[in-house]
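1. model this:
(chains A and B, ligands or ions: 2)
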Amino acid sequence: MENLLDIHFLIESFPAIVSRLPITIGIAVGSLILSLFIGVFTALIKIYKVPVLSVITSIYVSFIRGTPLLVQIYLVFYGIPKIIYYLQIEYGWLQSADVNSIAPEVYALLAFSINLGAYLSETIRSAIESVDRGQFEAAKAIGMKPTQMMLQIIFPQALAVAIPNLGNMFISTIKDTSLVFIIGVVDIMGQAKILGSRGLAFFEVYIAVSIVYWILCIAVERLLVKLEKRARRYERGIAS
Amino acid sequence: MIKLENIHKYYDSHHVLKGINISVAKGEVVSILGPSGSGKSTLLRCINFLEQPTSGIVEIGGKRVDVESAGKSDIFALRTSTGMVFQQYNLFKNLTVLQNVMIGLTSVKQLKKDEAKKKSMEILERVGLSDKLSHYPAQLSGGQQQRVGIARALALNPEVLLFDEPTSSLDPELVDEVLATIRAVADTGKTMFIVTHELNFAREISDRIIFMEDGVIIEEGTPEQLFTDPKMERTKQFLSKATRNN
Ligand SMILES: Nc1ncnc2c1ncn2[C@@H]1O[C@H](COP(=O)(O)OP(=O)(O)OP(=O)(O)O)[C@@H](O)[C@H]1O
Ligand SMILES: [Mg+2]
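-> Residues are numbered from 1 along each chain as shown, chains lettered A, B, ... in the order given. Ligands and ions are numbered 1, 2, ... in the order given. Below is the predicted model of the structure:
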């Protein structure tokens, strides 16, 4: 009798796949954190119309949006070692860096940060711009410094506006991390591929890995709903 | 003592303030009246540099600032020696009532939290909001929000309070509680600039009334002088029209 699925194999592949979850989550969360810095920094450059940097930011965002993520990963993976090597030979910089010992996870983290940063930039800019001008004026009027104003008044309000968008982009990033095996990172997808070719049971392992992604994304979505509620608590009509 | 000398403000080529001179003694309450677009808000906002004045001198509490050469520290000094109350309240939406009043003390004056909290609670007591400390602005009526706005402006103990139409956004039945709060603050001897369309209130509370039109002060005097015997025809027209509308 012909079986559609080797259920046994499918179930047995879970522990090995799940054991690579820290890599997937690490790259996704790590690049979320780095890209938030990139996003805020570039958003402020655009809002304050900083000369030169503003143009560079526009080109950066446009390039990232206009090229495939896969290509960007390759560019980082092959480009950065070349650039470091060039700087070492030509200028004697970065002598302590050993190009060959940089883990592929680092390139993955960089590529995803650069990619997500560009998408966050626009979202963060429009969220900051959506904060009422009166909030800026009131902060200035009591003598707050720009940094204090941003950190204590503007960002918290912008965050509340931006969380749904940020969340969607983060979930996309989690799914996009399935590309990192191409540069040798063994994430959950990489592990699935390895198992699949070992047991010649690709359908089974891809079902298994898709279930892991699915559960992960559902969990993150739940978390985001909670976060948004928390960030927006001041908008609602109930005393805390 | 507050002094404005020959303040000019241009928006591009639009000349909005055309040489304003005002000198106000400590404790004086000055109301600014005038038709829409005459430059009243712009004048207030030039005092604390929410708008950059084009030329002139602003002097508050002995600190004299030539606006054309004003640096960050000059602007900081002017902002901390003024408190502003906005037409739209502009309370920090993400902060509670108590935090709204405290933030200037902790962030700007760098007071210890305990001390800032104690001071803020005293001020909120004065405006009658001790029972709303942990409410967010969205949970308050307009009148309550504006009283928090007044408390926030008072917190840094400024030389002068600037009110820009503090009751114009309020439902009519909420105006009185805010006016009463402003009156109570005036009674403590605070120096105040009040831009308002509440003529009766201005007449009753002010030591002096300034009438502005088209970027210039066309008449000033005590409320009695201005309301009973205005010298300028424009003032007369404005007052009679505005009184009829009230
Ligand atoms: N940011 C700005 N850019 C350009 N013009 C402005 C700006 N702000 C104000 N103005 C112009 O300056 C003039 C004075 O405006 P201002 O708001 O000071 O008047 P106002 O006396 O406060 O009027 P109202 O009673 O309606 O509040 C108006 O002609 C207005 O159009
Ligand atoms: Mg105005």
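
2. CA only for contacts and neighbour counts going forward, please
-> Noted.

3. Helix, strand, or coil at B:Ile20?
-> strand (DSSP: H, G, I helix; E, B strand; the rest coil).

4. Distance check, the one residue in chain A that gets nearest to ligand 1 against B:Ala202.
-> Residue nearest to ligand 1 within chain A: A:Arg133 (11.9 Å; CA to the nearest ligand atom). Going from A:Arg133 to B:Ala202 by CA to CA, to the nearest Å gives 28 Å.

5. What are the phi and psi values at the residue of chain A closest to ligand 1?
-> A:Arg133 adopts backbone torsions of phi -60, psi -30, taken as degrees, to the nearest 10.

6. Same question for stretch A:204-213: list its buried residues.
-> Residues A:Glu204, A:Val205, A:Tyr206, A:Ala208, A:Val209, A:Val212, A:Tyr213 are the ones in stretch A:204-213 that count as buried (16 or more other CA atoms under 10 Å in any protein chain shown).

7. Then stretch B:183-202?
-> B:185-186, B:190-199, B:202.

8. ok, now stretch A:3-14?
-> Here stretch A:3-14 shows A:Phe9, A:Leu10, A:Ser13, A:Phe14 as buried, counting by 16+ other CA under 10 Å.

9. Now intersect those residues with the strands, please.
-> The members of the buried residues of stretch A:3-14 all map outside strands under DSSP state E.

10. quick one: which of those residues sit in helices?
-> A:Phe9, A:Leu10, A:Ser13, A:Phe14 (DSSP state H).

11. can you narrow these to ones near ligand 1?
-> Contacts with ligand 1 are made by none of these, judged by CA under 6 Å from any ligand atom.

12. Remind me what the longest helix anywhere in chain B packs against, helices and strands.
-> Ranked by residue count, the top helix of chain B under DSSP H comes out as helix B:172-187. Applying 3 or more CA pairs under 8 Å, 6 or more residues apart in numbering or on different chains; DSSP states H and E, one finds that helix B:172-187 makes contact with helix B:142-155, helix B:199-205.

13. Point out the most buried one among these.
-> With neighbours defined as mean count of other CA atoms under 10 Å in any protein chain shown, the helices and strands packed on helix B:172-187 peak in mean count at helix B:142-155, which reaches a mean of 26.

14. Residues in contact with that helix: which ones?
-> A:142, B:82-86, B:89-91, B:97, B:100-102, B:104-105, B:119-120, B:123-124, B:127, B:129, B:137, B:161, B:166, B:169-171, B:174-175, B:177-178, B:181-182 (CA atoms under 8 Å, 6 or more residues apart in numbering or on different chains).

15. what's the spacing between that helix and its chain's center?
-> How far helix B:142-155 lies from its chain's middle: 12 Å, per CA atoms, centre = their mean, to the nearest Å.

16. after the helix or strand where A:Gly26 lies, next one along is what?
-> Element membership of A:Gly26 [criterion: DSSP states H and E] is helix A:21-47. Using DSSP H and E, the helix or strand that follows helix A:21-47 towards the C-terminus is helix A:53-66.

17. which of the residues in that following helix are buried?
-> Residues of helix A:53-66 classed as buried by neighbour count (16+ other CA under 10 Å): A:Ser54, A:Thr57, A:Ser58, A:Tyr60, A:Val61, A:Ile64.
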